[in-house]
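K.L.:
what's the 3D shape of this:
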Amino acid sequence: MLLTRIKGPRDLDRLSQEELDQLAAEIRSFLVDAVSKTGGHLGPNLGVVELTIALHRVFDSPKDKVLFDTGHQAYVHKLLTGRQDFGGLRSKGGLSGYPSRAESDHDVIENSHASTVLGWADGLAKANEVLGREDHHVAAVIGDGALTGGMAWEALNNIAAAKDRPLVIVVNDNERSYGPTIGGLANHLATLRTTDGYERFLARGKELLERTPVVGKPLFETLHGAKKGLKDFIAPQGMFEDLGLKYIGPIDGHDIEALESALQRAKRFSGPVIVHCLTQKGRGYTPALEHEADRFHAVGVIHPDTGLPVKTAAASWTSVFADEMVKLGHERADIVGITAAMLHPVGLNKFAEAFPDRIYDVGIAEQHAATSAAGLATGGVHPVFAVYATFLNRAFDQVLMDVALHKCGVTFVLDRAGVTGDDGASHNGMWDMSILQIVPGLRLAAPRDAEQLRAQLREAVEVKDAPTVVRYSKGVVGPAVPAVGRIGGMDVLRAPGAEVTRPDVLLVSVGALAPMCLEIADLLDKQGISTTVVDPRWVKPVDEALAPLAERHRVVVTVEDNGRTGGVGSAVAQALRDAGVDVPLRDFGIPQRFLDHALRKEIMAEIGLTAPDIARQVTGLVAKLDGRYDSEPAAAVD
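P.N.:
Numbers count the residues shown, from 1 in each chain. The predicted structure follows:
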């Protein structure tokens with residue numbers, strides 16, 4: 001096999017065109033076989049095989065910087081830079097699903113949030129200029145989906161201002177992000193795809209006119225002088241060139257020879273150049289091509305021949321939300337849905353099918369989504385913006401200043417909150433409950449099970465004068481966790497016997513960690529430690545009944561799948577101080593560090609968010625209060 005002989009990009013230089021085509025076929029076969037066993041981003045990588053080969057033949061990585069936005073299409077790049085052991089892809093100790101500086105000098109950007117690559121490229125090109133590195137080049141690969149993000153256009157505005165600063169921008173145009181790309185840019189790129197280039201038009205015209213006596217040659221020269229207008233008429237790439245960006249394309253993104261020719265021309269140019277490449281997401285794999293929703297953008301473990309999942313998927317948090325949104329849509333004509341290019345991943349596809357006139361896909365533009373939602377709310381409807389928890393970070397200013405300041409009734413539904421695991425540091429939803437704590441008036445719900453998700457979503461959309469947030473985990477929703485009572489707005493999940501006059505521990509359980517908190521209570525009970533377990537349901541604001549309840553206990557413990565700094569534990573501690581309740585409090589959560597990719601349960605064990613770890617520390621704290629220990633054990637999550 002040719003692939004096994006590729007240890008680095010320069011090994012590509014000695015391959016013939018026929019061998020390069022063979023290598024492309026081998027890479028596709030390798031990807032289907034490997035990713036079907038581990039899960040991962042299959043469709044995007046099948047679409048960039050030839051493009052990645054061409055990039056590494058034209059540019060000299062790592063001296064030249066080859067950058068990928070968002071990075072989920074970097075599997076081919078990994079294979080060509082010496083990383084061909086995909087057995088542990090996205091698993092602890094194995095390859096990351098995105099570029100990783102820890103893995104290779106060829107990887108530059110680890111951030112897998114979209115639309116950032118052009119900002120990186122602009123900075124790297126400026127650094128080359130400042131340091132006089134004329135033999136260093138920067139090539140940034142960005143998809144047509146990522147180009148819908150505002151950051152990309154902010155960067156383009158700056159890149160175009162320096163007409164003599166070399167920078168190659170490769171637009172990987174497969175008409176999709178997760179699903180089909182939408183919006184004005186998508187329409188513009190579609191026009192470019194479906195028209196012949198003006199060079200070919202002029203070439204045919206020249207051949208015809210030069211055979212025309214007397215007037216032929218002058219007419220051609222006049223026509224060529226009107227090149228700009230003709231170019232916009234035949235292949236309207238003027239939007240890019242009006243910015244000051246040289247445009248090359250469209251290029252067949254599966255023709256290595258044509259790609260190399262275009263990239264070489266772009267590399268030699270002394271300013272910014274856009275190379276527009278047309279690729280096919282899922283190319284070479286029939287099940288992916290026939291999957292219209294997202295062309296196997298991301299898959300779990302599948303059968304390589306059929307593309308079907310090996311295991312039947314159980315009900316997920318996302319599916320519970322999806323079904324409840326449809327019910328709400330039937331009950332209330334004022335409810336609309338918003339997604340940022342993730343209609344299927346966040347579960348709004350069912351709502352879109354039922355109410356096609358009440359769904360808005362804004363592209364990869366979370367900031368715009370939040371402010372547009374404020375406008376929708378002001379206009380008299382109730383928008384529900386469903387987004388991954390980690391991506392709401394990008395719209396914080398809009399949540400604060402556009403939605404909350406104006407007291408707009410907007411519901412944000414945060415999917416994949418807490419530790420998500422295999423997608424790595426950028427995808428863990430561990431920031432939302434910290435950054436949202438500081439937003440005045442905002443109300444935040446963390447449902448513990450499917451029943452509570454349905455109930456709290458309904459409670460959220462009833463709020464008309466403030467933003468509401470409902471956040472839940474990735475994956476399978478667990479069994480129902482029934483309440484045994486209610487104190488204020490909080491559900492009591494476990495209470496000591498009536499004979500206990502002052503229980504030892506008040507355990508505040510946040511969201512989907514309720515089953516683990518009940519397990520903690522069981523372990524404490526075996527140590528003779530009495531425990532009350534409550535689920536606040538709405539963790540912001542802190543329930544007024546919590547402080548007097550805490551005062552009736554010896555210790556307060558909070559457990560959350562969010563960063564400890566500024567999270568629910570911090571909010572509870574402040575509420576107790578404000579109420580003058582002087583009870584020891586221990587907060588357990590995610591440490592403030594970027595977590596390596598691994599299974600969720602492996603990460604939870606590593607950071608000490610397991611029932612035995614927490615029960616051990618709480619036992620030590622109670623023992624200290626009893627005077628049995630001289631000092632408190634060290635925290636497992638710090």
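
K.L.:
in three-state terms, label Val534 for me.
P.N.:
Under DSSP: H, G, I helix; E, B strand; the rest coil, Val534 falls in the strand class.

K.L.:
got a list of what it touches?
P.N.:
Neighbouring residues of Val534 by Cβ atoms under 8 Å, 6 or more residues apart in numbering: Ile487, Met490, Asp491, Val492, Leu493, Leu506, Leu507, Val508, Ser509, Leu546, Leu549. Every C-beta, even on glycine, is put in place using the N, C-alpha and C of the backbone.

K.L.:
which residue is the nearest non-sequential neighbour of it?
P.N.:
Met490 (4.7 Å; Cβ to Cβ, 6 or more residues apart in numbering).

K.L.:
that neighbour contacts Asp535, doesn't it?
P.N.:
Yes. Counting by Cβ atoms under 8 Å, Met490 does reach Asp535; the two are 6.5 Å apart.

K.L.:
how about a markdown table for the contacts of Val534, with neighbour count, distance to Leu67 and secondary structure added?
P.N.:
Converted to a markdown table, the contacts of Val534 look like this (neighbours: other Cβ atoms under 10 Å; distance: Cβ to Cβ, whole Å; DSSP: H, G, I helix; E, B strand; the rest coil):
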| residue | neighbour count | distance to Leu67 | secondary structure |
| --- | --- | --- | --- |
| Ile487 | 15 | 53 | strand |
| Met490 | 21 | 48 | strand |
| Asp491 | 21 | 48 | strand |
| Val492 | 15 | 52 | strand |
| Leu493 | 22 | 48 | strand |
| Leu506 | 23 | 50 | strand |
| Leu507 | 26 | 46 | strand |
| Val508 | 27 | 44 | strand |
| Ser509 | 28 | 43 | strand |
| Leu546 | 24 | 48 | helix |
| Leu549 | 20 | 53 | helix |
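
K.L.:
redo those residues as CSV? Include distance to His406 and pLDDT.
P.N.:
As requested, the contacts of Val534 are exported to CSV (distance: Cβ to Cβ, whole Å; pLDDT from 0 to 100):
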residue, distance to His406, pLDDT
Ile487, 34, 97
Met490, 30, 98
Asp491, 32, 98
Val492, 36, 98
Leu493, 37, 98
Leu506, 37, 98
Leu507, 37, 98
Val508, 32, 98
Ser509, 33, 98
Leu546, 29, 98
Leu549, 34, 98
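
K.L.:
and Val273, that's in a strand?
P.N.:
Yes. The assignment for Val273 is a strand, going by three-state DSSP.

K.L.:
and Gly149, how many neighbours does it have?
P.N.:
Residues lying near Gly149 (other Cβ atoms under 10 Å) number 29.

K.L.:
what's the burial count for the closest residue to it other than its chain neighbours?
P.N.:
Spatial nearest neighbour of Gly149, chain neighbours left out: Ser115 (2.8 Å); criterion: Cβ to Cβ, 6+ apart. Counted by other Cβ under 10 Å, the residues lying close to Ser115 total 26.

K.L.:
cool, and Thr378?
P.N.:
Each residue near Thr378 was counted by other Cβ under 10 Å, and the total is 15.

K.L.:
surely it and Val410 touch.
P.N.:
No. Applying Cβ under 8 Å as the test, Thr378 and Val410 come out as separate, 9.8 Å apart.
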